[in-house]
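A.B. asks: Pasting a predicted model and its sequence here:
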Amino acid sequence: MTRPTSPAAPAGGPAPTGRRRRTAVLRRRGRTRQVVPRTHWLLLSVLVVTLSTALLLQGYTHHMFGITSDDVTGPPGRADTVPGRVVHGGPVIADAAGSPHTARPKARTIALTFDDGPDPVWTPRILDVLRRNHVHATFFVVGTQVVAHPELVRRIVAEGHQIGVHTFTHPDLSRLAPWQRSLELRETQLAVAGAAGVTTALLRPPYSAENDSLDDADWSVLKQADRAGYVTVLSTLDAEDWQRPGTARVLANATPHGRAGQVLLMHDAGGDRSQTVAALTTLIPRLKAQGYRFATVGAAVGMTGAVRPAGPGDHLLGTALIGMLRLGDRTIGLLGVLMYAAGAVSALRAAIVLIAARRHRRLRSGRRAAPWGPPVTERVSVIVPAYNESAGIEAAVRSLVASDHPVEIIVVDDGSTDGTADLVESLGLPGVRVIRQRNAGKPAALNTGLAAASCELVVMVDGDTVFEPDTVRRIVQPFADPRTGAVSGNAKVVNRGGLLGRWQHIEYVVGFNLDRRLFDLAECMPTVPGAVGAFRRRALLALGGVSDVTLAEDTDLTMALCRAGWRVVYEEGAVAWTEAPASLGALWRQRYRWCYGTLQAMWKHRGALTQRGSAGRLGRRGLLYLLLFQVLLPLLAPVVDVFALYGLVFLDPLRVTALWLAFLLLQLLMGLYAFRLDGERPGPLWSLPLQQFVYRQLMYLVVVQSVFTAVSGSRLRWQRMERYGSLRAPAPVEAPGEDRPPRVPA
């Protein structure tokens with residue numbers, strides 16, 4: 001391939017002067033190097049880290065534990081370390097880590113407590129009952145519920161009720177590591193501070209009951225909580241409303257016997273709490289009539305300062321925590337929608353492409369295929385632009401000379417420094433002409449060859465490409481239709497060794513060729529590849545030749561022909577063998593140039609979206625297809641991958657794995673059909689699963705880089721691919737009457 005000597009204009013117009021300085025081209029020893037902006041990688045990294053952090057926090061808080069039931073999680077263990085004065089003491093336990101002491105509510109005093117809230121349905125109803133009866137209670141809140149409904153926490157505090165901590169995710173604290181316990185308590189405290197501007201010293205561990213149910217593991221939790229400044233509040237009376245036994249039973253369980261003060265355990269969240277609300281409506285007036293009074297836990301035991309205003313730091317951190325978690329919730333919802341949408345669109349694309357490929361095969365091959373017209377036998381000009389192609393130019397030119405169709409071959413040496421022109425001339429092959437010019441870029445080399453061509457039909461081929469003997473003949477047959485202005489051939493990868501070669505082979509057969517069949521049917525072919533393409537000379541001259549304003553001159557030229565009213569078709573039988581990049585770095589440079597140049601061409605020809613005829617078909621079919629599947633979906637791919645990892649860790653790994661396998665199966669089916677259409681053996685498809693973990697990521701990072709480069713107005717220069725000499729020249733041209741040389745193997 002050749003390279004231009006001046007930067008191509010970026011999509012969207014020329015870059016500002018300041019950007020030109022930042023992306024200055026450094027010239028050393030005849031080579032060019034460009035300073036490419038890197039800030040987008042920093043931005044992308046920050047976004048990925050932020051998204052991953054938010055997802056980890058959201059996953060931990062929503063899916064690691066979660067409220068399940070208030071039933072005990074197992075039989076109590078040994079209680080050797082629990083002090084006897086605690087086992088037989090009151091439900092409010094202080095100084096557990098030092099000299100523990102307990103407290104009981106005053107006689108005929110009921111400390112109403114509610115766990116697991118706030119809940120958007122039941123907490124407001126319970127608050128309404130308490131307000132009508134002029135009763136204050138204590139609400140032990142779960143942090144995730146506080147984050148989801150901070151306005152309810154503010155209402156609880158504003159109406160004179162007390163707030164207590166019931167952990168952030170409602171786990172059994174005795175089964176957690178000490179650092180997890182601290183995190184549970186600290187996050188809940190920050191959530192309360194952010195929601196209502198207060199902090200609380202009251203704690204009720206999930207799954208706790210009365211004092212005599214404490215075991216050694218529970219006691220270690222209480223001691224750690226005491227060191228963190230918490231007073232533990234257990235219960236003396238359990239309404240057992242979490243079992244939903246019926247309103248009458250809840251009422252009976254919540255009714256005290258005797259004059260002793262009670263800490264009554266009820267729930268305002270965790271499921272249907274209609275029985276709780278109904279029982280509470282009857283219980284409060286009845287107990288008041290019996291001489292009982294109701295108070296918060298602090299008031300019931302004479303404790304002051306249980307709830308205090310939060311400091312500025314805690315309030316700020318709590319607000320940030322709530323904001324981050326709520327953003328995480330919205331992000332998860334959005335990602336879920338995008339993931340399913342991407343899956344649906346991908347499945348729809350697969351169906352459309354496969355149906356189109358099947359129809360294309362019926363129309364273009366087989367007994368029912370309609371011929372293009374009378375056979376095209378006229379002589380063809382073959383133009384080979386070459387810049388430092390000594391590694392493969394002999395194989396390329398010999399394959400052209402071996403064509404079974406009359407050709408003139410024009411090799412345009414674009415200022416090569418490796419003796420490319422001398423090598424071609426030394427071959428002494430018939431019908432081959434070499435034109436030398438100063439390095440001016442591939443478009444200029446093609447235009448030079450176009451001016452020198454003596455034939456109306458022109459075939460353009462890269463200097464790293466080898467033709468089959470029948471390629472030229474096959475690729476010019478569609479010109480029997482006078483409406484045809486260009487024909488795309490079938491480029492195949494010759495160096496398929498190793499994983500990278502196999503992956504590119506799969507991409508050429510499954511990706512490029514299936515898409516070309518679809519574009520051919522839809523009459524919106526956006527690209528005739530530089531490796532193997534044929535054109536009407538007069539159509540190219542009418543456009544002013546090959547443009548050099550984009551780095552994808554083949555795409556730009558094809559789109560221009562479509563907009564000029566010419567038909568562009570695909571001839572799958574015109575096979576050419578080309579070298580693919582053999583390293584990730586070389587592949588990155590090639591695809592970066594392709595993608596950036598395609599974006600330039602799409603922007604240049606955006607006017608086709610509103611035109612009619614063939615231009616409108618290109619715009620509303622071809623350009624929109626490219627935008628959706630080659631730009632937008634790859635941009636979403638990193639987000640989909642992050643969400644898939646999130647699902648494996650926090651959601652249902654079996655379901656996520658099943659979805660991935662289904663997607664892989666769909667790709668495999670597409671691959672098998674595409675390989676069958678192209679007459680390829682399906683063996684390389686075994687590497688398809690591995691392709692998802694390296695090649696796919698590289699391709700969407702290329703799109704990210706290209707889009708950022710285009711949007712920022714930065715300039716990208718031509719980057720020539722390395723040559724490996726893997727193309728094999730056919731045998732020398734035989735004398736007339738002798739057998740033809742064999743076909744070039746893959």
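C.D. replies: It's in.
A.B. asks: Isn't residue 86 up against residue 100?
C.D. replies: Yes - counting by CB atoms under 8 Å, residue 100 is a contact partner of residue 86 at 5.5 Å. Any C-beta I mention is one placed from the backbone N, CA and C, and that applies to glycine too.
A.B. asks: Can you work out which residues contact both of the two?
C.D. replies: Shared contacts of residue 86 and residue 100 (CB atoms under 8 Å, 6 or more residues apart in numbering): residue 93.
A.B. asks: how about the strands of the stretch 151-300 of the chain, start to end?
C.D. replies: Applying DSSP state E, counting those that start in this stretch to the stretch 151-300 of the chain gives strands spanning 162-165, 198-200, 202-203, 231-233, 237-238, 262-267, 293-295.
A.B. asks: That should have said the stretch 451-600 of the chain, apologies.
C.D. replies: Along the stretch 451-600 of the chain, the segments classed as strands by DSSP E, counting those that start in this stretch run 457-460, 465-467, 484-493, 533-536, 567-578.
A.B. asks: one step back: would you convert the strands of the stretch 151-300 of the chain into TSV that also reports mean neighbour count and mean pLDDT?
C.D. replies: Formatted as TSV, these follow (neighbours: other CB atoms under 10 Å; pLDDT from 0 to 100):
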stretch	mean neighbour count	mean pLDDT
strand 162-165	26	97
strand 198-200	23	96
strand 202-203	25	97
strand 231-233	27	97
strand 237-238	19	95
strand 262-267	25	97
strand 293-295	19	96
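A.B. asks: got the ones you listed as a markdown table, with distance to residue 664 columns?
C.D. replies: Formatted as a markdown table, the strands of the stretch 151-300 of the chain follow (distance: least, CB to CB, whole Å):
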| stretch | distance to residue 664 |
| --- | --- |
| strand 162-165 | 46 |
| strand 198-200 | 51 |
| strand 202-203 | 48 |
| strand 231-233 | 52 |
| strand 237-238 | 52 |
| strand 262-267 | 45 |
| strand 293-295 | 62 |
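A.B. asks: So for residue 428, which of these sits nearest?
C.D. replies: Residue 428 lies closest to strand 162-165 among the strands of the stretch 151-300 of the chain, at 90.9 Å (CB to CB).
A.B. asks: what's the closest one packed up against?
C.D. replies: strand 138-141, helix 150-158, helix 178-196, strand 198-200, strand 202-203, helix 297-301 (3 or more CB pairs under 8 Å, 6 or more residues apart in numbering; DSSP states H and E).
A.B. asks: quick one: contacts of it?
C.D. replies: So strand 162-165 is contacted by 113, 136-141, 153, 156-157, 185, 188-189, 192, 196, 198, 200, 202-204, 230, 233, 296-298, 306-307 (CB under 8 Å, 6+ apart).
A.B. asks: Point out where this protein drops to low pLDDT.
C.D. replies: 1-41, 43-44, 61-76, 366-370, 712-746 (pLDDT under 70).
A.B. asks: repeat that for 50
C.D. replies: Counting by pLDDT under 50, the chain contains low-confidence ranges at 1-37, 66-72, 367, 718-719, 730-746.
A.B. asks: what's around residue 606, how many residues?
C.D. replies: Residues within reach of residue 606, counting by other CB atoms under 10 Å, total 13.
A.B. asks: Next one: it from residue 549, what distance?
C.D. replies: In this view, residue 606 and residue 549 are 14 Å apart by CB to CB, to the nearest Å.
A.B. asks: Which residue comes closest to residue 664 once chain neighbours are left out?
C.D. replies: Once flanking residues are discounted, residue 664 sits nearest to residue 689: 6.0 Å by CB to CB, 6 or more residues apart in numbering.
A.B. asks: The one you found: what secondary structure?
C.D. replies: Assigned with DSSP: H, G, I helix; E, B strand; the rest coil, residue 689 falls in the helix class.
A.B. asks: My guess is it contacts residue 661. True?
C.D. replies: No - with contact defined as CB under 8 Å, residue 689 does not reach residue 661; the gap is 9.3 Å.
A.B. asks: still on that earlier bit, so which of the strands of the stretch 151-300 of the chain comes closest to residue 374?
C.D. replies: Closest approach to residue 374 among these is made by strand 262-267 (86.4 Å; CB to CB).
A.B. asks: Identify the residues contacting the residue lying closest to residue 406 once chain neighbours are set aside.
C.D. replies: With sequence-adjacent residues excluded and distances taken as CB to CB, 6+ apart, residue 406 is closest to residue 379, at 4.4 Å. Counting by CB under 8 Å, 6+ apart, residue 379 touches 406-408, 454-455.
A.B. asks: among those residues, who's most crowded?
C.D. replies: Most neighbours among these, by other CB under 10 Å: residue 407, with 22 neighbours.
A.B. asks: can you pull up the bridge partners for that residue?
C.D. replies: Taking DSSP bridges as the rule, residue 407 bridges to residue 380.
A.B. asks: how about the helices in the stretch 1-150 of the chain?
C.D. replies: Taking DSSP state H, counting those that start in this stretch as the test, the helices found in the stretch 1-150 of the chain are 17-22, 39-63, 84-87, 122-132, 143-148, 150-158.
A.B. asks: I'd like those as JSON lines, with mean neighbour count appended.
C.D. replies: Formatted as JSON lines, the helices of the stretch 1-150 of the chain follow (neighbours: other CB atoms under 10 Å):
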{"stretch": "helix 17-22", "mean neighbour count": "12"}
{"stretch": "helix 39-63", "mean neighbour count": "15"}
{"stretch": "helix 84-87", "mean neighbour count": "14"}
{"stretch": "helix 122-132", "mean neighbour count": "18"}
{"stretch": "helix 143-148", "mean neighbour count": "25"}
{"stretch": "helix 150-158", "mean neighbour count": "19"}
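A.B. asks: and of these, who's closest to residue 572?
C.D. replies: Closest among those, using CB to CB: helix 39-63, at 38.1 Å.
A.B. asks: quick one: contacts for residue 635?
C.D. replies: Residues near residue 635 by CB under 8 Å, 6+ apart: 700, 703-704, 707.
A.B. asks: count of neighbours near the closest residue in space to residue 595 that isn't next to it in sequence?
C.D. replies: Nearest residue to residue 595, sequence neighbours excluded (CB to CB, 6+ apart): residue 706, at 4.0 Å. Residue 706: 25 surrounding residues under other CB under 10 Å.
A.B. asks: And residue 329, by the same measure?
C.D. replies: Residue 329: 17 surrounding residues under other CB under 10 Å.
A.B. asks: Save the helices and strands packed on strand 162-165 as TSV, and put in distance to residue 257 too.
C.D. replies: Below are these laid out as TSV (distance: least, CB to CB, whole Å):
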stretch	distance to residue 257
strand 138-141	22
helix 150-158	29
helix 178-196	34
strand 198-200	31
strand 202-203	26
helix 297-301	18
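A.B. asks: For residue 572, which of those is the nearest?
C.D. replies: Among the helices and strands packed on strand 162-165, helix 178-196 comes nearest to residue 572, with 60.5 Å by CB to CB.
A.B. asks: Packing partners of that closest one?
C.D. replies: helix 143-148, helix 150-158, strand 162-165, strand 198-200, helix 216-227, helix 312-364.
A.B. asks: I'd like the distance from stretch 96-107 to the chain centre, please.
C.D. replies: Computed by CA atoms, centre = their mean, to the nearest Å, the separation of stretch 96-107 from the middle of its chain amounts to 54 Å.
A.B. asks: what comes up buried for it?
C.D. replies: Applying a neighbour-count criterion of 16 or more other CB atoms under 10 Å, the buried positions in stretch 96-107 are 96, 100, 102-105.
A.B. asks: Out of the residues you listed, which sit inside strands?
C.D. replies: Using DSSP state E, the members of those that fall within strands are 102-103.
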